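Student: sequence first, predicted coordinates after that:
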Amino acid sequence: MVAGRKLMFETAQYEANQRLRWTVGLTASVSLYVAFLLSYFQSLPKEQLRSAVDAIPQVMLEVFGIVELSTIEGWLAAEVYNFVVIWALGIYFAYTAAGLIADDIEHARMDLLLLLPFSRSRLLAEKFVSLFVPIITVNGALVVVIYVAALGIGESVDPVRLVMAHVLAIPYLLICAAIGIYLSTLYDRVTVTQRIAAGIVVVLNTIRFAASGTGLAWIAYISPRAYYDPSAILIDGTYNVTFAFILLVATVVLVLVSQRRFQRRDINR
Amino acid sequence: MSAITVTDLTKDYGTVLGVDSLSFTVEKGEIFGFLGPNGAGKTTTIRTILGLLDPTTGTATVLGTDVSDEDAFIGVKHQIGYLPAELGFNEAVTGNALLDYYASVKGDQRRTELLELFTPPLNQPIREYSSGNKQLLGIIQAFMHDPDLVVMDEPTSGLDPLNQAQFNEFIRDEKENGTTIFFSSHVLSEVRRVCDRVGILREGRLVGLEDIESLVNRSGKRVRVQLIDGESVDLSAIDGVIDITTMGDEMQFTYAGDYTTLFRQLANYGILDVEISEPPLEDVFMHYYGDPDSHLTDGSREETHV
C-alpha cells in the first residue's frame, strides 16, 4: 500500500468481476426457465390446475408453498418463487458462499490474500459483499422478465407486488449466503463445506413442516423461510417488512460471527 | 530494529510438533537463508511468522510489529513481500488481471521494471502457465510494491537453471538496494550462493545459525577421485579430508580445506578422474550436527507444507 492509499472495496470488485460470466449465465438460465414456466402456465387448462390443487396433500402444498395454481399470481408464487427463488437460489447462494473462504484455503490462494494490507475480517466481508452483484442482478432481471412475459401471455402482474416479492427475496438469499460463508470458515474442504451448506438450507426449508403439530412449532421460526412469504405478497399483496429486517439482522450477525471465527483460525492446508 | 525476531516459537499441531522453541533474528538488509530438508518445519515457521498460523507459544516480530496483533500487522504488510512454497492463483484470470488486483490493494511501483526481468505470459489465463511461469508471476507479485522485507519459501523450485541464475542475481541486487530477504531452501548450494547468513532447521529445531562463510568452511565439498593405483593410497593424512570411502581405485570423501593443497597431494598419486560436488544436506547434518536420527520423535513429522 502506498502511503495514503484508500482501500475501497477492491476485493469485492475483483471477486464480483470474477463472477461476472457466472452471474450472466445464472441470470440468463433462471430467466429462460421462468419464461418457460409462464408459457407453460398459459398452455394449461385453468380448471385442471384448480383440481390439481385439491388433489395435492396439504403437507405437500405447504412444503412447496402452493396456495393456488390457476391464477398467474398463484402460479408464480408456487412455481417461480417457492421452487426457483426459495429452493433453487437459496441452496445455490448458500453453496456458493460456502466456497468463498474454504476454496481459497484448499487451493492455496489464501496465503497471498492474507498478506495483502487488510484484515481477515475485511477480506471476508468483501467476499460476502461480492455476492450482492449476482443476488441483485438475478432478482432485478426476474422482475423485468416476469412482468414482460406475463404481458406476453396476455396476463398482468401487479408491478408493486412483483417488485416487493424480489426486494424481500434479497434478505432471504443473503441469509442463505451468510449460512454458507459461516460454514466456509469452519471447514477446509470446499466440496464438503458446500454440501453441508446446501443440506442445511434444505433442512431449514422443511423443518417447519416436520415440527408442525409436535409442540415444537416454534422451530419454524429458525427457518429463514418463515420470514419470506412470496405467496402472501403476490396473491394477497401483504408483506412484512419487519421479517425482512429480522433476516438482515440475522445476516449481519452471522457475518460478524464468521469474521470472528476466520480471524482466529489457522490457515491450514 | 531487526527485520524479523523470533523468540521461543513453538507450533504444535496436536498430533505433530511443527517447530519447537525457535529463536533467531534476521537483520535488516541481509539475505538470510533458512535451510533444512523437506519436513523440517521451514514452511510452518514462515507461515507462523507471517500470521497465517497462530504460534502455540512464543512470539514473532516482523518489522518491529508483533504478528499476533492483527491491526498493527496490517500497518506493515505493505512493506512485506511473500512468495509461498505452494503458489495458489485464481487460474481463470490472466496474469495481468491478477497483478491489477494486487496493485489496487498494495501498489505496483516496480511492476514495469520487474516485467523487464521476468516475463511470464501475462495476457494468458494462469491455468495455461507452466510451473516456472507461475513461479515468475509469484516473484513479480512479491516485489511489485517495493517491499522492505521479502519472505520466500523455496523460491527457485520450478524455475529452469537460466531463470534460477537470473533470480539469484536479482536477489543479490535487491540486497544491495537495502531489501531484507528471508529465503528458505532445502538446497545447500543455493543457500551458499545467495545468502549472507543461514539458519539450519532440522526436525523443527534450529540446529545451526551462522555466517555463510562458516557454513561453507564447515560443510565442505564432496570429492570423488580416481587415482592410479588408488587402492593402496591413504588420504586420511590430508588436512580437511574426512569420511573416506574406497571403492576399488575410486575414493569418495568430504573435504573442507584449500583446493591447492588437496590437488598437490592428489597429484602425487596420479589423478585419473576427479569430481567435486555439493554434499547432500543430510551429510552436512551428519558430520556437523550429529546423527540425523537423533532428534526423530515418532517418525511422523509433517511435510513442509503444513
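Tutor: Great, that's in hand. Numbering: from 1, shown residues only, chains lettered A, B, ... in the order given.
Student: assign the residue of the stretch 51-200 of chain B found nearest chain A to helix, strand or coil.
Tutor: Ranked by CB to the nearest CB, the top residue of the stretch 51-200 of chain B for proximity to chain A is B:Gly88, at 3.0 Å. Any C-beta I mention is one placed from the backbone N, CA and C, and that applies to glycine too. Assigned with DSSP: H, G, I helix; E, B strand; the rest coil, B:Gly88 falls in the coil class.
Student: which SS class is B:Asn133?
Tutor: Per three-state DSSP, B:Asn133 ends up helix.
Student: list the residues that contact it.
Tutor: Under the criterion of CB atoms under 8 Å, 6 or more residues apart in numbering or on different chains, the neighbours of B:Asn133 are B:Pro120, B:Pro121.
Student: how far away is it from B:Phe89?
Tutor: B:Asn133 sits at a distance of 11 Å from B:Phe89 (criterion: CB to CB, to the nearest Å).
Student: same deal with A:Leu131?
Tutor: From A:Leu131 to B:Phe89 the distance is 21 Å (CB to CB).
Student: out of those two, which sits in the more crowded spot?
Tutor: Higher neighbour count among A:Leu131 and B:Phe89: A:Leu131, with 25 against 20, using other CB atoms under 10 Å in any protein chain shown.
Student: please name the nearest non-neighbouring residue to that one.
Tutor: Leaving aside its sequence neighbours, A:Leu131 sits nearest to A:Ala177 (CB to CB, 6 or more residues apart in numbering or on different chains; 5.1 Å).
Student: can you give me the strands for the stretch 201-306 of chain B?
Tutor: For the stretch 201-306 of chain B, the strands defined by DSSP state E, counting those that start in this stretch cover B:205-211, B:221-227, B:241-247, B:250-255, B:271-277.
Student: now the residue nearest to A:Leu131: which helix or strand?
Tutor: helix A:169-186 (DSSP states H and E).
Student: who are the packing partners of that helix?
Tutor: helix A:90-97, helix A:99-106, helix A:120-130, helix A:132-152, helix A:190-211, helix A:241-264 (3 or more CB pairs under 8 Å, 6 or more residues apart in numbering or on different chains; DSSP states H and E).
Student: change it to 6 Å
Tutor: Contact partners of helix A:169-186 among helices and strands, from 3 or more CB pairs under 6 Å, 6 or more residues apart in numbering or on different chains; DSSP states H and E: helix A:90-97, helix A:99-106, helix A:190-211, helix A:241-264.
Student: check which residues of it are buried.
Tutor: Neighbour counts over helix A:169-186 (16 or more other CB atoms under 10 Å in any protein chain shown) mark A:169-185 as buried.
Student: and if you look at stretch A:132-146?
Tutor: Within stretch A:132-146, the residues scored as buried using 16+ other CB under 10 Å are A:Val133, A:Pro134, A:Ile135, A:Thr137, A:Val138, A:Asn139, A:Ala141, A:Leu142, A:Val143, A:Val145, A:Ile146.
Student: which one of those is nearest A:Ser43?
Tutor: Of all the buried residues of stretch A:132-146, A:Ile146 has the smallest distance to A:Ser43: 17.2 Å, by CB to CB.
Student: give me the distance between that closest one and A:Ser39.
Tutor: 12 Å.
Student: same check on B:Pro147?
Tutor: Counting by CB to CB, the gap from B:Pro147 to A:Ser39 is 59 Å.
Student: quick one: which of the two has more around it?
Tutor: Ranked by neighbour count (other CB under 10 Å), B:Pro147 and A:Ser39 place B:Pro147 first, with 24 against 12.
Student: by mean pLDDT, which helix or strand of the chain comes out lowest?
Tutor: No chain in the question, so chain A it is. helix A:58-63 (a mean of 77; mean pLDDT, DSSP states H and E).
Student: tell me which other helices or strands that one touches.
Tutor: Counting contacts by 3+ CB pairs under 6 Å, 6+ apart, helix A:58-63 packs against no other helix or strand.
Student: pLDDT below threshold where in the chain?
Tutor: In the absence of a named chain, this looks at chain A. A:1-7, A:211-213, A:215, A:269 (pLDDT under 70).
Student: please refer instead to chain B.
Tutor: Those would be B:230-231, B:281-282, B:284-306, if you go by pLDDT under 70 across chain B.
Student: need the residues of it near chain A, please.
Tutor: Proximity of chain B to chain A, by CB under 6 Å from any CB of the partner chain, involves residues B:52-54, B:70, B:74, B:77-78, B:82, B:84, B:86, B:88, B:101, B:104-107, B:305.
Student: mind checking which of the residues you listed are buried?
Tutor: B:52-53, B:74, B:77-78, B:82, B:84, B:88, B:101, B:104-107, B:305.
Student: burial of A:Ser43, as a residue count?
Tutor: A:Ser43 sits with 7 neighbouring residues when counted by other CB under 10 Å.
Student: and A:Phe245, by the same measure?
Tutor: Neighbour count of A:Phe245, defined by other CB under 10 Å: 12.
Student: likewise B:Asp160?
Tutor: Close neighbours of B:Asp160, defined as other CB under 10 Å, add up to 12.
Student: give me phi/psi at it?
Tutor: Here is the backbone geometry of B:Asp160 (degrees, to the nearest 10): phi -80, psi 160.
Student: circling back: strands - which of the residues of chain B next to chain A land there?
Tutor: Counting by DSSP state E, the part of the residues of chain B next to chain A found in strands is B:Tyr82.
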